[in-house]
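Enquirer: Task: produce atomic coordinates for the following.
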Amino acid sequence: MTIASSWRYLMTKILDAFGNFFRAVVLPKHNNPDFFCRWLDNSPDLETQLLVAPGKGYPVEGYRNVWTDGEQEWFNIRYPKNAMGEPYWRDRELNFDLGEHWLGIGTTWWDWTKRESVACAFDFDEVTSHAPGVGVSDDELDKVKTRACELDYVEVLKSTGGGGLHIYIWFDENDRPRTENHTEHAAIARAMLGKLSTDAAFDFGSHLDVCGGNMWVAHQKMFGTDGFECVKKATRLLTNKDIPPNWRDHLEVIGGKSTKVRVVGVTDSGEEIDEQDPLAELTTAHPKVPLDETHKKIIADLEMTGASCLWVPDHNLVQTHTCALKTVAEQWADQGHAMRGFFNTLSPGTDLGKPNCFMIPKRDGAFMVFRFGKGTLEHGLWKQDRQGWTWCSYNKAPDLYEAAIALGGAELEGNKGFHFGSLVNAGQVVKAIGSKLSLPAGNDYDQRTAILRRNNDGRLVVEIDRWEGDTGFDNWNGQKKNKWIKVFNICVDTTEADDDYSRYDTLVRSCRSPSDADAGWRIRVNGGSWIKHPRENVTSVLSLVKPPDVQTNNILGTAIMNQWIMVCKPFHEEHPGGRQWNLGAPQFIYQPAVIEDEEKPQHPHWDRVMAHCGEELTPIIRKSSWCRHWGIFNGCDYLTAWISCLLREPFEPLPYLFMYGPQNSGKSIFHEAISLLITGGVVKADRALTNASDFNGELANAVLGVVDEVDIAKAGPAVYNKIKEWTTSQYISIHAKYQQVYQQRNCLHFVQTANFRNSCPIFPGDTRITAMYVGPLLEEIPKPRLTQLLEAEAPNFMATLLGMSLPTSETRLRLPILDTVGKEQAAEGNRDSLEEFIADSCYEVPGCKVPLKTFYETFNDTLSAFESARWTKTRVRRSLPDNFPVGKSTGGQLYVGNISLIEKEIDPKAPRYVASGSYLKLEEE
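Expert: Numbers count the residues shown, from 1 in each chain. Modelled structure (predicted):
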């Protein structure tokens, strides 16, 4: 549905026009008028965005998101200006027809005049509203709705078109959080998402589409649907006290400086600990365990102590204080439901308001607790791993070590176990690890000592004093002087070897490929680099660091059962979570420059490179309605959009770019400039394309494959087949020499440069290659100087790349192929004799057919004697394009369909011939 024209709002101030138009025209038709009025009644004060539809207009060159029909110009409007800093708005007259051009109106729910957050909003959109692989499935949406509806402070609406969900958290108007700008408002929203996830024990963040950004309050898509209808109202408003105290930690994430919030703690001496990379590596090594009811009860009780307690969903951990943990453990014991295991701390607790530890959830309500500050001295219950993390378990069944230390055991040197001055204490230890110490009846056990230790197979060994007159010890070993020894069928290890995840993960890792094939072992060498090594080397390294009583095979087995998955996620962090390892993934070198609303990023030398390399594309682009619709007016725009797609949507296929021209014409600077923007991910691809053995290990995790001044066409048709596959396939097989083949998602794109046009295999009908001639330089800038200029302008160029609207395409490539004159000539030069005959002497006529015998004889007459011998009738039949099928027809003869040897008038409604088994049939038959 399109709202009627609003000519009467022309030349009215924008804020008045918005209020009057949407109240008079849209409100009566809105599915949720009460909700819409929350914006409408406060629209001048709320950060707002108007989205217009291009309609039948075309973009205005030199401006982003501005369209014209030759009479009016219309554009998106967002107020206030400079929302990220010191906001302001200078109202002006609206000079286009609002009713004709509006598409959506939305707000962030930030009151920029009072500098406070009215609400936090979150968008969970359905899969069908997005590109493949984006959005939330129906089952997941149902889970989101169910969990959200359980919270009294949450309001749930249907999304713009009714397929997804919008979740709102409203603040009490008398106690709203103070937010100085849009960035702080977005940080509040991100922090509240963590509260939402904690309270519902559900990971809302993994399903999220929008958090704290613009949320539509009215949209053309809502008409004829149930968009914005209320699913569940909120029954409680939140206030400032409900805001997570670490909300400012989210500012770096909102500003693009980090992908996760910083986790900062203190030591007992008050030293601040800020070690983000080691912490991220540690937390992602552990499987992500959702909070259960026991976890939530522990967190709630920690909050009641008044000590620092904060759930950090980015890292799936809790920040708190060890003294608070001790208090809660004692409270549970006093209440008659003691925690499993033991806990104690040496911290004096001088400042409970600052966290000195963090906890990672484990199964069945347990936690692993880590002290801030590597090498921290703690109670004997705590351990240290190879990287210096001091840690212990919390609310988890203890192993022999933990129980013995807690119940008075003295650890013997050489891993010989624990000595107890009383069998009573020894019996308590055995009970704590889940069993009972059964001793022969009729003997006096007072004042006897005992030793408990672990057998090599993990069972309990009990050694007690041997006294004269003892009876019933027939099945005990009495060979040791004055001692009775017995191996009990009791496992002394914890049921969860949690420590195995962190103790050796920072040194050795067993890996598997994205396609679940074994990917070998990695060892971290001095300096931090991870190097691939055989299992034998891993065994040698572990023998240097493992405790004497731990079997190397047990460590290796645990590592294999908990392998790291080698993933390919360009421009994401090294450890995305869930034991995924994004090793060596390319990253952005430059953060985008902050550009004011009215300004445009300035990068003249980048523009010169793009314009020079893409000059031949400009005349073709001028004729393309698709390019005009997306604001691509010339070769500079096209190549800029190509780089933007590569960086922002690396898994989307793009045209294979082939640039050819004379030496020193500036072709190579295109791919060299891209390499200035990212760390790694740019590789030489000519060997992978031409290697007859199909080895291509260098392409793993690459986003840009470069073929520089190499004539790959000489390698034959196999090269073109690889270009076709690797340019458009969703997955790519990686085959490094001497390694097992595995598949990964394809993020590879190509740029080839050469002096000669025939260096790239371009064939008739190609739909993957955009070829362009790059002429001589009009002005040469020395490369070192040009590189300096490009690096200086890189932040501004990144602002353009990350801020431009990405085009969508109806083809399999994100950008369209542009057929230049040079490409057509290159394709003609690669035609075989049959393709030349069809192009020069035949006509494609749907519904027409020619006997194969006649077609072959006519073709054969054009060939030399040598060529005639090569082009047999069988070869001709097999080489005909699919649009010219061969099959039996009239009289049982073989015919070629949809072709004529003489020019005929084409009936656009005529059905085409298709192959049906061995016969030709018209499509309508």
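Enquirer: just for the stretch 201-350 of the chain, where's the confidence low?
Expert: Within the stretch 201-350 of the chain, the segments meeting pLDDT under 70 span 206-210.
Enquirer: Would you mind measuring from the nearest residue to residue 79 once chain neighbours are set aside to residue 919?
Expert: Spatial nearest neighbour of residue 79, chain neighbours left out: residue 89 (4.7 Å); criterion: C-beta to C-beta, 6 or more residues apart in numbering. C-beta coordinates here come from the backbone N, C-alpha and C atoms, glycine included. Computed with C-beta to C-beta, to the nearest Å, the distance linking residue 89 and residue 919 is 72 Å.
Enquirer: Give me the nearest residue to the residue of the chain most remote from its centre, chain neighbours excluded.
Expert: Each residue of the chain has a distance to the centre, and by C-alpha atoms, centre = their mean the biggest one is for residue 469: 71.6 Å. Take residue 469 and drop its neighbours on the chain: the residue closest to it by C-beta to C-beta, 6+ apart is residue 443, 8.0 Å away.
Enquirer: Then residue 760?
Expert: residue 658 (4.4 Å).
Enquirer: what's the answer for residue 349, then?
Expert: Excluding the flanking residues, the one nearest residue 349 by C-beta to C-beta, 6+ apart is residue 323, at 3.5 Å.
Enquirer: on that earlier part again, give me the phi and psi angles of the residue nearest to residue 469.
Expert: Main-chain dihedrals, residue 443, degrees, to the nearest 10: phi -120, psi 160.
Enquirer: dump the residue contacts of it.
Expert: Residue 443 makes contact with 467, 469, 470, 471, 472 under the criterion C-beta atoms under 8 Å, 6 or more residues apart in numbering.
Enquirer: Roughly how far does it sit from residue 467?
Expert: Residue 443 sits 8 Å away from residue 467 when distances are taken as C-beta to C-beta.
Enquirer: Then residue 473?
Expert: From residue 473 to residue 467 the distance is 10 Å (C-beta to C-beta).
Enquirer: just residue 317 next, same as before
Expert: Distance from residue 317 to residue 467, by C-beta to C-beta: 52 Å.
Enquirer: where in the stretch 501-650 of the chain is pLDDT low?
Expert: For the stretch 501-650 of the chain, the stretches flagged by pLDDT under 70 are 501-503, 527, 548-549, 597-598.
Enquirer: In terms of helices and strands, where is residue 106?
Expert: Under the criterion of DSSP states H and E, residue 106 resides in strand 102-111.
Enquirer: For that strand, which strands pair with it and how are they oriented?
Expert: Strands that pair with strand 102-111, judged by DSSP bridges, come out as strand 46-52 (antiparallel), strand 116-117 (antiparallel), strand 215-219 (antiparallel).
Enquirer: ok so, going back, between the contacts of residue 443, which is nearest residue 242?
Expert: residue 472 (64.6 Å; C-beta to C-beta).
Enquirer: can you pull the pLDDT of that closest one?
Expert: In the predicted model, residue 472 carries a pLDDT score of 89.
Enquirer: what's the neighbour count on it?
Expert: Residues lying near residue 472 (other C-beta atoms under 10 Å) number 11.
Enquirer: again with residue 58
Expert: Number of residues near residue 58 (other C-beta under 10 Å) recorded here: 16.
Enquirer: Just confirm the residue nearest to residue 760 contacts residue 769, I think it does.
Expert: Yes. In this structure, residue 658 is within contact of residue 769 by C-beta atoms under 8 Å, at 5.6 Å.
Enquirer: Show me whatever sits in contact with both of these two.
Expert: Contacts common to residue 658 and residue 769, judged by C-beta under 8 Å, 6+ apart, are 760, 762, 823.
Enquirer: Can you add distance to residue 912 and neighbour count and give those residues back as CSV?
Expert: Putting the shared contacts of residue 658 and residue 769 into CSV (distance: C-beta to C-beta, whole Å; neighbours: other C-beta atoms under 10 Å) gives the following:
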residue, distance to residue 912, neighbour count
760, 32, 28
762, 27, 25
823, 27, 23
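Enquirer: out of those residues, who's nearest residue 293?
Expert: Looking at those and their distance to residue 293, the nearest is residue 760, at 62.6 Å (C-beta to C-beta).
Enquirer: Residue 751 versus that closest one, what's the distance?
Expert: Relative to residue 751, residue 760 is positioned 11 Å away (criterion: C-beta to C-beta).
Enquirer: How about residue 923?
Expert: From residue 923 to residue 751 the distance is 41 Å (C-beta to C-beta).
Enquirer: Kindly report the same for residue 92.
Expert: To residue 751, residue 92 is 44 Å away according to C-beta to C-beta.
Enquirer: now swap in residue 444 and tell me
Expert: Applying C-beta to C-beta to residue 444 and residue 751 gives a distance of 88 Å.
Enquirer: where does residue 278 land in three-state SS?
Expert: Secondary structure for residue 278, judged by DSSP: H, G, I helix; E, B strand; the rest coil, is helix.
Enquirer: so it touches residue 385, yeah?
Expert: No. In this structure, residue 278 is not within contact of residue 385 by C-beta under 8 Å, at 11.1 Å.
Enquirer: okay, these two: which has more neighbours?
Expert: Neighbour tally, residue 278 and residue 385, criterion other C-beta under 10 Å: the higher count belongs to residue 385, 19 against 13.
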